[in-house]
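Visitor: Sequence and computational prediction follow.
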Amino acid sequence: MNLAAMDPQTYDAQLDAKRIKLEQAFAQFAAPSVEVFASEPAHYRMRAEFRVWHEGDDLYYYMFDKVLNAKVRCDQYLPASTLINQVMLALMAELKPNHSLRHKLFQVDFLSTLSGEILVSLLYHRQLDAQWHSEASALKAKLSQQFNINLIGRARKQKIDLDKDYVVESLEVNGKTLHYKQIENSFTQPNANVAIKMLEWAIDVTQGSQGDLLELYCGNGNFSIALAQNFKRVLATELAKPSVDAAQYNIAANGIENLQIIRMSAEDFSDAMAKKRQFRRLEGIDLDSYVCNTIFVDPPRAGIDPDTLALVQGYERILYISCNPETLKDNLEQLSKTHKISRFALFDQFPYTDHMESGVLLERIN
């Protein structure tokens, strides 16, 4: 974190510098001009994590600034959503005088939504007892008078949900409301307004698609639910069980009838498609019945492994969302042998940092 860089007045210049850097890095692939999707310059993050510092009777949130090489007190935090900033103040006012709730508290995590829900996780270096549960329940009841809030207590091998461990986000995508269950400690897009722009871009570049869609690394179904409208059927894979459970919830909540989620890794699915191995969890699923001309991938920062990359290369069109330009570039060294980039986008999920989220649509070279 570099607090000095977080200046809304410099945001446009910082974003343009990212655009130039991205275009230069991918010039060798003859990519089209980058479509740039800006963030709000403040209060854009739906998630935030803070350490907690104890200093006598005082108690406050802090982050570590790598530039200053020091911890920095954060009574408020410019990137965090307005709702997180409001709850930060209200929560700390209640924690400071409460010995049971503040004792050995070392971290507070916030997960908020555009739809007004917020989940707060309190992390401790001690086991949580009946007194903590009683005090935390009273705290939740008091804060609920002002906020749509849920609390979780965490300690070593211990998790206490006072109500539920998730929020339900509602995103307006091309005039349609999509609902997403987002579970504590599971991956979600941190910048909700930019996430909307990503979904709308993905829908736009796949308009008029033929056949079915295969998606790898689908998470909670974020993209597959939005893209289902453009395809006859969607088959999606995800390994993490909490994400798969959330995806099934989201499929039902959005009334999607042409989407099926399989719980398995992209690597295992590659083996299944290549007939190298058989998997019990694929029983009853006729992979050969899918006519997938398009594949969608949103891999982790490490990018796509070689076997999966070979699978991806077999499709007519590849929609690739990347959170790491370096691994995207590495993967494109192989993909560009058979495909060309027809659309290229920069999504500024992380203002005031070097991180760049990008998207490419690749089409097979005839």
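Guide: Perfect, I can see it now. Numbers count the residues shown, from 1 in each chain.
Visitor: And the helix or strand of the chain with the lowest mean pLDDT, what does it pack against?
Guide: In the chain, no helix or strand scores lower on mean pLDDT, DSSP states H and E than helix 266-273, which sits at a mean of 79. Counting by 3 or more CB pairs under 8 Å, 6 or more residues apart in numbering; DSSP states H and E, the packing neighbours recorded for helix 266-273 are helix 306-312. For glycine as for every other residue, the C-beta is placed from the backbone atoms N, C-alpha and C.
Visitor: Show me which positions of the helix it packs on end up buried.
Guide: Neighbour-count burial for helix 306-312, counted by 16 or more other CB atoms under 10 Å, picks out Asp307, Thr308, Leu309, Leu311, Val312.
Visitor: And for stretch 326-333?
Guide: By neighbour count with 16+ other CB under 10 Å, stretch 326-333 contains the buried residues Thr327, Leu328, Lys329, Asn331, Leu332.
Visitor: just stretch 114-127 next, same as before
Guide: Within stretch 114-127, the residues that count as buried by 16+ other CB under 10 Å are Leu114, Glu117, Ile118, Leu119, Val120, Ser121, Leu122, Leu123, Tyr124.
Visitor: on that earlier part again, what would the buried residues of helix 306-312 look like in CSV with distance to Ile261 and pLDDT?
Guide: Written out in CSV, the entries for those read as follows (distance: CB to CB, whole Å; pLDDT from 0 to 100):
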residue, distance to Ile261, pLDDT
Asp307, 21, 83
Thr308, 18, 86
Leu309, 22, 90
Leu311, 18, 86
Val312, 19, 91
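Visitor: quick one on the thing from earlier: which ones among the buried residues of stretch 114-127 are found in strands?
Guide: Secondary structure assignment by DSSP state E places Glu117, Ile118, Leu119, Val120, Ser121, Leu122, Leu123, Tyr124 of these in strands.
Visitor: hang on, the earlier thing: got the buried residues of stretch 326-333 as CSV, with pLDDT, secondary structure and distance to Lys340 columns?
Guide: Conversion of the buried residues of stretch 326-333 to CSV gives the following (pLDDT from 0 to 100; DSSP: H, G, I helix; E, B strand; the rest coil; distance: CB to CB, whole Å):
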residue, pLDDT, secondary structure, distance to Lys340
Thr327, 95, helix, 20
Leu328, 95, helix, 15
Lys329, 95, helix, 15
Asn331, 95, helix, 14
Leu332, 95, helix, 10
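Visitor: nearest to Ala130, of those residues?
Guide: Distance ranking of the buried residues of stretch 326-333 against Ala130, using CB to CB, places Thr327 first at 47.8 Å.
Visitor: Next, the contact list for that closest one, please.
Guide: By CB atoms under 8 Å, 6 or more residues apart in numbering, the contact list for Thr327 reads Pro299, Arg301, Ala302, Gly303, Ile304.
Visitor: make it 6 Å
Guide: With contact taken as CB atoms under 6 Å, 6 or more residues apart in numbering, Thr327 is in contact with Gly303.
Visitor: what about it, distance to Leu199?
Guide: Computed with CB to CB, to the nearest Å, the distance linking Thr327 and Leu199 is 22 Å.
Visitor: Would you map the helices across the stretch 1-150 of the chain?
Guide: Along the stretch 1-150 of the chain, counting by DSSP state H, counting those that start in this stretch, helices occupy 11-25, 82-95, 99-102, 130-143.
Visitor: residues near the closest residue to Val244 other than its chain neighbours, how many?
Guide: If the residues on either side of it in the chain are set aside, Val244 comes closest to Arg263, at 4.6 Å by CB to CB, 6 or more residues apart in numbering. Burial measure for Arg263: 16 neighbouring residues, criterion other CB atoms under 10 Å.
Visitor: go on, Ser358?
Guide: Using other CB under 10 Å, Ser358 is surrounded by 23 other residues.
Visitor: Quick check: buried residues in the host helix or strand of it?
Guide: Element membership of Ser358, judged by DSSP states H and E, is strand 357-364. Residues of strand 357-364 classed as buried by neighbour count (16+ other CB under 10 Å): Glu357, Ser358, Gly359, Val360, Leu361, Leu362, Glu363.
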